[in-house]
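Asker: A predicted structure for the sequence below; I have some questions about it.
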Amino acid sequence: MKKSSLLFGIIGGLVLIFIIVTVFNSLIVKSKQPSPNPSDVVINEGKAVEHLSKAITYKTVSYQDRSKFDFTEFEKFISFLEESYPVVHNQLELEKINEYALIYKWKGSDSSKNPIGLTSHYDVVPVLEGTEGNWEQPPFSGTVENGKIWGRGTLDDKIGVIGILEAVEFLINDGFKPARDVYLMFGFDEEIGGDEGALAIVNTLKDRGVTFDFVLDEGGAIVENMVPGVNQPVGVVGISEKGSATSELTIEGSGGHSSQPKDQTNIGRIASAIAKLEDTQFKGDLRGPGEDLFEYVAPEMSFAMKYVFANKMIFEPIIEQILLQQPATAALIRTTIAPTIFNAGEQYNALPEKATAYINHRLMPGDSLEEVKSFIEDTIEDDNIKVTITGSEASKVSSINGWEFKSIQQAARNVYHDAVIAPYLMFAGSDAKHYDSISKNTYRFLPVQIASEDLNRMHGTNEHISKDNFIQAIKFYAEIIKESNQ
């Protein structure tokens with residue numbers, strides 16, 4: 001009896017210690033959000049909205065087939081910029097790369113400081129043929145109605161180009177002079193990879209020995225209801241972007257008549273391989289930028305959620321299982337497997353002699369192409385299926401500890417006082433990856449507050465932005481220039 005009481009006492013004491021320690025860990029978690037210094041930037045809203053509206057009317061569309069580009073539209077757009085921002089074009093040096101990529105250099109007063117770069121792109125994706133009638137306003141009209149600006153590019157990414165130029169025009173007129181050089185870099189083919197735009201800009205600046213302390217491109221936004229347990233909108237700043245690769249699974253062998261099939265055909269073997277990959281999946285691991293995200297949002301969570309994340313070392317397996325339940329959060333912690341194309345057969349009564357499947361992967365930082373290939377081969381366990389993989393690995397992970405990230409965070413808080421600004425891992429691709437080779441840090445952030453459904457409009461139907469959001473974006477760009485030049 002005494003031994004049982006002693007045992008229960010020891011267990012009870014351990015449980016009490018566990019509760020005390022874990023609750024204490026939750027209580028000492030401190031916010032990582034800087035106090036806002038409300039922006040004093042005052043924009044001529046009517047003129048700014050007019051400029052973005054007009055910018056949308058130029059059909060600067062990128063096509064995979066470059067012969068389809070209508071470069072007269074690109075030329076008109078550049079002329080429009082020169083007419084709309086006379087002070088910028090008078091005070092800054094403008095250089096054109098491959099005719100349509102633009103580099104503006106704003107000379108700073110201290111040559112010992114590395115420059116910063118703000119980059120965006122003015123090409124847009126095509127409007128899917130047959131969907132034009134689904135738009136509430138024509139996609140290239142730039143219509144301003146009910147407090148919204150409509151059209152392709154309002155979110156991706158003429159808002160960045162116009163927002164940056166509006167901010168610089170304001171700052172020059174306001175008498176601001178940067179301490180360090182500030183580069184504005186605008187690509188014209190980001191939607192198809194950026195090889196002749198951003199990459200050509202990078203190669204030009206690399207030859208001149210230019211090294212940036214940071215480059216800021218489009219990317220994450222300020223999204224409502226993004227993180228469970230956080231009531232405020234969360235602004236996510238991409239500190240890395242996942243790699244993008246395609247694996248090809250191919251098997252060749254005898255075909256024959258469909259009346260006498262083998263137990264397993266070429267199609268069946270490829271299908272089986274895909275099924276094994278989807279059943280197995282890459283292991284989820286809360287690390288890197290994904291882990292950083294939750295460290296920044298945890299202090300702002302409700303107590304129950306804060307308790308879990310403040311004791312991540314204990315609850316990590318549970319957290320990972322929860323994150324794996326939804327595609328968006330699963331992609332945050334693992335390399336993904338997405339079969340996208342299957343080619344086999346030409347006739348219903350003939351067995352195909354060859355079957356091929358293509359699988360798209362978005363690679364986590366630290367995962368190599370060779371590791372992904374080995375994982376596929378080990379998982380499918382079929383030596384007759386040839387596996388090849390092409391693509392790119394994740395970009396480098398930029399710092400969240402230096403003044404560079406803190407400046408972006410402060411600038412965002414100066415405009416969006418209640419937002420929680422945190423690092424994250426960007427799933428999509430951007431021009432930012434090209435700048436890795438000439439910048440110590442590359443960040444990805446579109447300074448607008450949007451709802452989750454707006455994200456689908458970036459390449460879809462009814463792309464638009466509210467006037468208020470656009471003006472806030474301009475203020476952010478002015479604030480980040482000021483914050484990085486103190």
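Answerer: That came through, no problem. Numbering: from 1, shown residues only.
Asker: List the residues that contact Leu369.
Answerer: When contacts are counted by C-beta atoms under 8 Å, 6 or more residues apart in numbering, Leu369 touches 243, 245, 363, 389-391, 393. (Each C-beta comes from the backbone N, C-alpha and C, glycine too.)
Asker: Quick one: residues contacting Ser437.
Answerer: 202, 206.
Asker: Which of the three states applies to it?
Answerer: Under the three-state scheme (DSSP: H, G, I helix; E, B strand; the rest coil), Ser437 adopts helix.
Asker: Distance-wise, check it relative to Ala48.
Answerer: From Ser437 over to Ala48 the distance is 34 Å, taken as C-beta to C-beta, to the nearest Å.
Asker: Kindly report the same for Thr250.
Answerer: Thr250 is 53 Å from Ala48, where distance means C-beta to C-beta.
Asker: who's more crowded, those two?
Answerer: Set side by side, Thr250 and Ala48 show unequal neighbour counts under other C-beta atoms under 10 Å, the larger going to Ala48 at 23 against 17.
Asker: check contacts around the more buried one.
Answerer: With contacts taken as C-beta under 8 Å, 6+ apart, Ala48 has the following neighbours: 162, 166, 470-471, 474.
Asker: what's the spacing between the one helix or strand it maps to and its chain's center?
Answerer: Under DSSP states H and E, the secondary-structure element containing Ala48 is helix 45-56. Helix 45-56 sits 25 Å away from the centroid of its parent chain (C-alpha atoms, centre = their mean, to the nearest Å).
Asker: which two in the contacts of Ala48 are spaced the farthest apart?
Answerer: Greatest spacing in these, by C-beta to C-beta: Ile162 and Ile471 (11.4 Å).
Asker: Comparing those two, which shows the higher neighbour count?
Answerer: Ile162 (29 against 20).
Asker: Let me know the pLDDT of the more buried one.
Answerer: For Ile162, the model assigns a pLDDT of 98.
Asker: Relative to Lys113, how far out is it?
Answerer: Distance of Ile162 to Lys113, computed by C-beta to C-beta: 27 Å.
Asker: for Ala328, same thing?
Answerer: The separation that Ala328 has from Lys113, given C-beta to C-beta, amounts to 39 Å.
Asker: Between these two, point out the one with more neighbours.
Answerer: Lys113 (15 against 10).
Asker: how many neighbours does the closest residue to Ala101 other than its chain neighbours have?
Answerer: The shortest distance from Ala101 to any residue that is not its chain neighbour, by C-beta to C-beta, 6 or more residues apart in numbering, is 4.3 Å, and that residue is Gly197. Neighbouring residues of Gly197 were enumerated by other C-beta under 10 Å; the total is 29.
Asker: in terms of contact, does Gly197 touch Tyr122 like I think?
Answerer: No - counting by C-beta atoms under 8 Å, no contact exists between Gly197 and Tyr122, whose distance comes to 9.4 Å.
Asker: Overlap of the contact sets of these two?
Answerer: Each of 186-188 lies in contact with both Gly197 and Tyr122 under the rule C-beta under 8 Å, 6+ apart.
Asker: What is the nearest of the residues you listed to Ile408?
Answerer: If you rank these by distance to Ile408 using C-beta to C-beta, Phe186 comes first, at 19.3 Å.
Asker: Out of the shared contacts of Gly197 and Tyr122, which sit inside strands?
Answerer: Secondary structure assignment by DSSP state E places 186-187 of the shared contacts of Gly197 and Tyr122 in strands.
Asker: Which of the shared contacts of Gly197 and Tyr122 ranks first by neighbour count?
Answerer: Using other C-beta under 10 Å as the contact criterion, the top neighbour count among the shared contacts of Gly197 and Tyr122 goes to Gly187, which has 32 neighbours.
Asker: how close does it get to Ile97?
Answerer: According to C-beta to C-beta, Gly187 and Ile97 sit 9 Å apart.
Asker: Can you pull the residues that touch both of the two?
Answerer: Residues within reach of Gly187 and of Ile97 at once, by C-beta under 8 Å, 6+ apart, are 197, 201.
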